[in-house]
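Colleague: Whatever this is, show me its structure:
(one chain, ligands or ions: 2)
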Amino acid sequence: METVVSGIRSTGHLHLGNYFGALRNFVAIQEQYNCYFFIADLHSLTTHPKPGDFHASVKTILAEYLAAGLDPEKSTIFVQSDVPEISELYVLLNMLAYKGELERTASFKDKVRKNPENVNAGLLTYPVLMASDILMHRANWVPVGKDQEQHLEIARVLARRFNNLYNEEVFPEPKALVFGKNLVKVPGLDGSGKMGKSEGNGIYLFEDDKAITKKVMKAVTDSGPTEPNSEKPEVIQNLFTLLSLVSTPDTVQYFDEKWNDCSIRYGDLKKQLAADICECVRPIRERIDAIYQDEDYLNRVTRMGCEKARESAAATLKLARKAVGFSR
Ligand code: ADP
Ligand code: TRP
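Modeller: Ligands and ions are numbered 1, 2, ... in the order given. Got it, this is the predicted structure:
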């Protein structure tokens, strides 16, 4: 069975964009691949978060991912900082990563521009740490968004360089796992193209019916169609795109027909959309609440994940150390 590795940022809540754009696919591939999902708390140290915030944010993220369907029986779900082998591999790989190529990374240049007062070495070598996460489990596939493609390319370069330098095929070259036709872009309801944390337009999985309904009822619309069968402007198409994710085909068709004969009432469309989003989110939210309360369960999940991840990591590290010449 081939291996998939994916890191999860250690801050923020999950919104419908994360759910339909990424997480739902992660849930689906757990059967077909040997999956490693981890909370990337080491990565987050580049921005110097407060020590006291970690526990709560790791717990929150873990509860949300488990509630949405990541299964600790099928996948290895762990916290990055629980696996010290990653840091050792990071040291080995850092020797093969050149300052120039790291400085050329788009994400690095972007961070330097935004936070010129905190250009630390960890920020420069962020892609090397990410390569360590991936190569640690000798991954074949990494599900990546556009913004992470360059990082994955660096992981490939480092895998190749290591294998060539030490003349051992220790690391397979990890490839981008693309979900093809299941790849959806979830729009925002404020007229902007994409739902996102930084866009401030998220509908979150932890939100209750009232909060969600309020957000949906405030969605931006226009003054309505004036000609039959006209093309939908972006703000309206956005509502339909969301509807197609959470409602039945019949419901979508019903509102499509109303649009086409110009009898559509946006209030009705929003009410239906709100109800169907609530229907979709409610069971997940209920699971989030239950899992969050169950500290024993969360501890069990991370302990089991840590054990499985360290076993795989130790095996890889043994090969890497041997290739480098450390083993006696
Ligand atoms: P945000 O944009 O809210 O900061 P992230 O960048 O942390 O979200 O998202 C993590 C992953 O979730 C992305 O790589 C992408 O696969 C998915 N994702 C986020 N927002 C959307 C969206 N609006 N539509 C589709 N997928 C999304
Ligand atoms: N850098 C990724 C992000 O910001 C998170 C991440 C860390 C990751 N290590 C990884 C993703 C390894 C995939 C594989 O989203």
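Colleague: buried ones in stretch 83-103?
Modeller: Using 16 or more other Cβ atoms under 10 Å as the test for burial, stretch 83-103 gives 83, 85-86, 88-90, 92-94, 96-97, 102. C-betas here are computed from N, CA, C, even on glycine.
Colleague: Same question for stretch 175-184.
Modeller: 177, 184.
Colleague: Over to stretch 30-50?
Modeller: Those would be 30, 33-46, for stretch 30-50 by 16+ other Cβ under 10 Å.
Colleague: likewise stretch 312-322?
Modeller: By neighbour count with 16+ other Cβ under 10 Å, stretch 312-322 contains the buried residues 312-313, 316-317, 319-320.
Colleague: who in the chain is up against ligand 1?
Modeller: Contact residues (Cβ under 6 Å from any ligand atom) of the chain with ligand 1: 9, 17-18, 21-22, 145, 184-186, 194-198.
Colleague: Going through those, which ones are buried?
Modeller: Burial by neighbour count, 16+ other Cβ under 10 Å: within the residues of the chain next to ligand 1 this picks out 17-18, 21-22, 184, 186, 195-197.
Colleague: If we ignore the residues flanking it in sequence, what's nearest whichever residue of the chain sits closest to ligand 1?
Modeller: Closest to ligand 1 within the chain is G21: 1.8 Å, counting by Cβ to the nearest ligand atom. With Cβ to Cβ, 6 or more residues apart in numbering as the criterion, G21 has its nearest non-adjacent residue at 5.6 Å, and that residue is V186.
Colleague: What are the contacting residues of the strand or helix carrying V128?
Modeller: Element membership of V128, judged by DSSP states H and E, is helix 126-136. Here helix 126-136 makes contact (Cβ atoms under 8 Å, 6 or more residues apart in numbering) with 5, 7, 38, 40, 42-43, 46, 80, 83, 85-87, 89-90, 93-94, 97, 102, 105, 107-108, 122, 142, 148, 150-152, 154-155, 158-159, 162, 171, 174, 312-313, 316-317.
Colleague: list the contacts for F255?
Modeller: Going by Cβ under 8 Å, 6+ apart, F255 touches 240, 243, 264, 269, 272.
Colleague: Let me see the mean pLDDT of the host helix or strand of it.
Modeller: Using DSSP H and E, F255 maps to helix 249-260. For helix 249-260, the mean per-residue pLDDT is 97.
Colleague: May I see the domains of this protein written out as residue ranges?
Modeller: As given by automatic domain parsing, the domain ranges for the chain are 3-185+295-324, 209-288.
Colleague: Tell me how far the last one lies from the chain's centre.
Modeller: Chain-centre distance of domain 209-288: 25 Å, with Cα atoms, centre = their mean, to the nearest Å.
Colleague: Also stretch 95-108?
Modeller: Distance, centroid of stretch 95-108 to centroid of chain: 23 Å (Cα atoms, centre = their mean).
Colleague: any bit of it sitting next to ligand 2?
Modeller: No. Stretch 95-108 lies out of reach of ligand 2 by Cβ under 6 Å from any ligand atom, never closer than 8.1 Å.
Colleague: Among the buried residues of stretch 83-103, which one sits closest to T251?
Modeller: Closest to T251 out of those is V83 (45.3 Å), distances taken as Cβ to Cβ.
Colleague: ranges for the strands of the stretch 201-328 of the chain?
Modeller: Using DSSP state E, counting those that start in this stretch, no strands are found in the stretch 201-328 of the chain.
Colleague: and among the domains of the chain, the most buried is which?
Modeller: Highest mean neighbour count among these (mean count of other Cβ atoms under 10 Å): domain 3-185+295-324, with a mean of 17.
Colleague: And that domain, end to end?
Modeller: Using Cα to Cα, to the nearest Å, the end-to-end distance of domain 3-185+295-324 comes out at 24 Å.
Colleague: these two touch, right, Q272 and S247?
Modeller: Yes. Between Q272 and S247 a contact is recorded at 6.9 Å, counting by Cβ atoms under 8 Å.
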